[in-house]
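Sequence unavailable; structure follows:
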């Protein structure tokens, strides 16, 4: 269709730099979010390589103690606040209106505001590195009273507070936008029980965000006041409480874990049915378990504080254990979706299977550290570092790559290469496990997290060397992905609307979709309207 | 407050020869034996779950992989199975309740405070060292370059009363399978009943600034009669 045929109904977007800078189109904002968060990922990944290089052998001197503290602070902050969570927001920005058959988000300008707050929040955090005292150096958790001290934590810590605050405001605004869009903007026929699982997971995620992130924002404001305006919220010598920071931080921080995983449960739930040539199994179980996880996750924050001796350990332990139940439901539903299917191993499916295998280990060690007697050893040790990376690296990161390979053709109109894609998967899968599996034993052997050096005793030097070697293999995997992007962009082999034979509405429209998404919609009678329209005979035989 | 190392190269983190640490934990207190039993239980149950679920996943993707030229026929398009879904919700629920029951008792055992401890030591963490104040006597102190050594008697109950004078620290002896946070403005207490002789490495587990990695100490467990002699020598 030419521009003239589209006529006055559809304004033509500027395709130059100004067009992108001023856009309120959810697809462009989504792509901006995705590329920005991937940029932060590359930086945070490079920092991780330096960290692993320093730890390759005991008493190493690649970087000093202060540089090392800045490295792990920026690595954690960027991975969590600027990559894993915002990547999901970018993906949801791109997908939610398409999946529910809407032309855009409910508040397009608010959406653009969120993106720019996120971008500049990240830049403000990193700007600390240019200050005379360096970037923030108290970890991504910035525990008070350490983070209150002016000596040793300079302008970088203040910039960190401001930057994370901007990102948290952006995240809250976006979550309001998502929920409004899903509740108000669905196409005719798209009832709540026909919404694709990814969009459902984003609804649960959004509810979590606006329950949890205000606590973080409040915590950051208190810290800023304590540091710069003479406050004493975290000063026990003046009636404040050193524990208050932890309570507010983890009241945000544990739901944040699920903000960083529920969207990726959604990604997996979209991909597995397509490559098993079956409908998703247990749709309502998957949706309800997302809300069960979200609800329970609001009541587990103090399992990060078992070793304080200041919280009711059994309560927080039990609620944490309970989260295993809805998570297990999801696992069994994914397996049942593959059961008796016709399974093909395109790169998105490989990454999804990698997600299942890795995340299971992270889930099991998650139940372990939810038991206080185990946590007394594991807390703040490399065991927790291993657990947390199995969830966020082996889990979320693998789902992120699955999503990139799966929706890349929809976003850019070309497929990523399968050969380089599979190479990328195997390098990341092997590299990830070689890096992080030995860390369980480092923690058990007594290596605390956030140390720039360790004693040349026992098995620690060998385990650390193995982990460092693994991190270089992961780096090779990321390079394979970058090469894939370049090669596939050069080749420019256009794909049709539905290159995978997929289910939800985004696969009905062209790749990439037109500015207002749809020229027409198929009838919506289940959560896979595109499949139903293409295979009416199979749809007629399929129970609803 | 020191903000950087005095010299250009950081001090080494070596411990004296013969100090346990950074190998498989020695489970060196009565409390550690209880903690170890929790580790063993969860590891066995966890491995069983991993084997079961990995088995199901790998079986499914092998058994039902799409052969080359697999045809256009779709596999059976089932969506739900209520009895099965109820089963895989209820079974894990029962499992975690059982695990919780064990955890609850283990934790109560470990945190139980003896009415009359044989030795009481006030431990204070600071940036970046430790103060060990024996009730009614000696105070030992040491920082990164000269880590202090706590001496406690075998088979008797030592009460540790823990606090911090500046920021959060954590008192961790990996061979005891236990740590507790040292928090400014709060006192917290726990008991240790050593079951093995030896010197055990300890360190700070909560990031507390530049020299966090070097904030080590050690705990020497000696026979009670040696302990009495040591106290006699070190009395003020």
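Sure, I can see it. Here the structure is a predicted model, which means the values were calculated and not measured.

Tell me the secondary structure at the residue in the stretch 401-544 of chain A that chain B sits nearest to.
Closest residue of the stretch 401-544 of chain A to chain B, C-beta to the nearest C-beta: residue A:446 (3.0 Å). Glycine gets a C-beta too; all of them are placed from N, C-alpha and C. Assigned with DSSP: H, G, I helix; E, B strand; the rest coil, residue A:446 falls in the coil class.

what number of residues lie near it?
The tally of other residues near residue A:446 (other C-beta atoms under 10 Å in any protein chain shown) stands at 30.

Kindly tell me how buried the residue lying closest to it once chain neighbours are set aside is, as a neighbour count.
Leaving aside its sequence neighbours, residue A:446 sits nearest to residue B:174 (C-beta to C-beta, 6 or more residues apart in numbering or on different chains; 3.0 Å). Neighbourhood size, residue B:174 [other C-beta under 10 Å]: 29.

Could you do residue A:151 as well?
10.

Now do the longest helix along chain B: which elements does it pack against?
Taking DSSP state H as the criterion, chain B has its longest helix at helix B:30-63. The contact analysis (3 or more C-beta pairs under 8 Å, 6 or more residues apart in numbering or on different chains; DSSP states H and E) places helix B:30-63 against helix A:313-338, helix A:347-369, helix A:372-378, helix B:82-111, strand B:178-182.

Can you give me the buried ones in it?
Along helix B:30-63, these residues count as buried under the neighbour rule (16 or more other C-beta atoms under 10 Å in any protein chain shown): B:30-32, B:34-36, B:38-39, B:41-42, B:45-46, B:49, B:53, B:56-57, B:60-61.

ok, now stretch A:316-336?
Across stretch A:316-336, burial judged by 16+ other C-beta under 10 Å covers A:316-336.

What part of chain A, helix or strand, is modelled with the least confidence?
helix A:3-6 (a mean of 49; mean pLDDT, DSSP states H and E).

What separation is there between the closest residue in space to residue A:501 that isn't next to it in sequence and chain B?
Nearest non-adjacent residue to residue A:501, counting by C-beta to C-beta, 6+ apart: residue A:274, 6.6 Å away. For residue A:274, the distance to chain B (C-beta to the nearest C-beta, to the nearest Å) stands at 12 Å.

Mind telling me what element residue A:274 is part of?
Following DSSP states H and E, the helix or strand that holds residue A:274 is helix A:262-276.

Other residues contacting the following helix or strand past that helix?
Using DSSP H and E, the helix or strand that follows helix A:262-276 in sequence is helix A:283-297. With contact meaning C-beta atoms under 8 Å, 6 or more residues apart in numbering or on different chains, helix A:283-297 is reached by A:193, A:197, A:200-201, A:204-205, A:207-208, A:254-255, A:257-258, A:262, A:265-266, A:269, A:280, A:319, A:322-323, A:325-327, A:329-330, A:333, A:527, B:79-80, B:85, B:89.

Centre of the chain to helix A:283-297, how far?
18 Å (C-alpha atoms, centre = their mean, to the nearest Å).

And that helix, what's buried?
A:283, A:285-297.

Report pLDDT for the residue in chain B positioned nearest to chain A.
Residue nearest to chain A within chain B: residue B:185 (2.4 Å; C-beta to the nearest C-beta). Among the per-residue scores, residue B:185 holds a pLDDT of 94.

What about it, how many residues nearby?
Residue B:185, neighbours per other C-beta under 10 Å, totals 18.

Any figure for the gap between it and residue A:239?
9 Å (C-beta to C-beta, to the nearest Å).

With residue A:41 instead?
In this view, residue A:41 and residue A:239 are 42 Å apart by C-beta to C-beta.

neighbour count winner among these two?
Per other C-beta under 10 Å, whichever of residue A:41 and residue A:239 has more neighbours is residue A:41, with 20 against 9.

which residue packs closest to residue A:56, ignoring adjacent ones?
Nearest residue to residue A:56, sequence neighbours excluded (C-beta to C-beta, 6+ apart): residue A:468, at 4.1 Å.

show me what contacts the spatially most central residue of chain A?
Residue closest to the average C-alpha location in chain A (C-alpha atoms, centre = their mean): residue A:84, at 2.7 Å. By C-beta under 8 Å, 6+ apart, the residues touching residue A:84 are A:260, A:392, A:396, A:397, A:400.

my guess is it is in a helix, correct?
Yes: the assignment for residue A:84 is a helix, going by three-state DSSP.

And it, what's its pLDDT?
pLDDT, read off for residue A:84, is 98.

likewise residue A:12?
68.

Residue A:432: what's its closest spatial neighbour, skipping adjacent residues?
residue A:394 (5.6 Å).

show me the contacts for the residue nearest to residue A:56.
A:52, A:53, A:55, A:56, A:435.

now it, what's its secondary structure?
Here residue A:468 is recorded as helix under three-state DSSP.

and the nearest residue to residue A:424 once chain neighbours are set aside, how many neighbours does it have?
Spatial nearest neighbour of residue A:424, chain neighbours left out: residue A:480 (4.1 Å); criterion: C-beta to C-beta, 6+ apart. Residue A:480 has 20 neighbouring residues, counting by other C-beta under 10 Å.

still on that earlier bit, quick check on the contacts of helix A:283-297: which are buried?
The buried subset of the contacts of helix A:283-297 (16+ other C-beta under 10 Å) comprises A:197, A:200-201, A:204-205, A:207-208, A:254-255, A:257-258, A:262, A:265-266, A:269, A:280, A:319, A:322-323, A:325-327, A:329-330, A:333, A:527, B:79-80, B:85, B:89.

Can you tell me which residue of chain A sits closest to chain B?
For chain A, C-beta to the nearest C-beta, closest residue to chain B: residue A:236, 2.4 Å.

who wins for proximity to residue A:429 among the helices and strands packed on helix B:30-63?
The closest of the helices and strands packed on helix B:30-63 to residue A:429 is helix A:347-369. By C-beta to C-beta, the value is 5.0 Å.

Report all helices and strands that the closest one contacts.
In terms of contacts (3+ C-beta pairs under 8 Å, 6+ apart), helix A:347-369 is packed against helix A:262-276, helix A:313-338, helix A:372-378, helix A:382-389, helix A:398-412, helix A:418-444, helix B:30-63.

can you put those helices in a markdown table and add mean pLDDT and distance to residue B:73?
Shown next, in a markdown table, are the helices and strands packed on helix A:347-369 (pLDDT from 0 to 100; distance: least, C-beta to C-beta, whole Å):
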| stretch | mean pLDDT | distance to residue B:73 |
| --- | --- | --- |
| helix A:262-276 | 98 | 14 |
| helix A:313-338 | 98 | 17 |
| helix A:372-378 | 97 | 49 |
| helix A:382-389 | 98 | 41 |
| helix A:398-412 | 98 | 24 |
| helix A:418-444 | 97 | 24 |
| helix B:30-63 | 97 | 17 |
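
Export those to CSV and append columns for distance to residue B:127.
What follows is the helices and strands packed on helix A:347-369, written out as CSV (distance: least, C-beta to C-beta, whole Å):
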stretch, distance to residue B:127
helix A:262-276, 39
helix A:313-338, 28
helix A:372-378, 24
helix A:382-389, 23
helix A:398-412, 38
helix A:418-444, 24
helix B:30-63, 28
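
and residue B:96, which of the ones you listed is closest to it?
Relative to residue B:96, the nearest member of the helices and strands packed on helix A:347-369 by C-beta to C-beta is helix A:313-338, separated by 4.1 Å.

is that closest one up against chain B anywhere?
Yes: on the criterion C-beta under 8 Å from any C-beta of the partner chain, helix A:313-338 is in touch with chain B at A:313-314, A:317-318, A:321-322, A:324-325, A:328-329, A:331-333, A:335-336, A:338.
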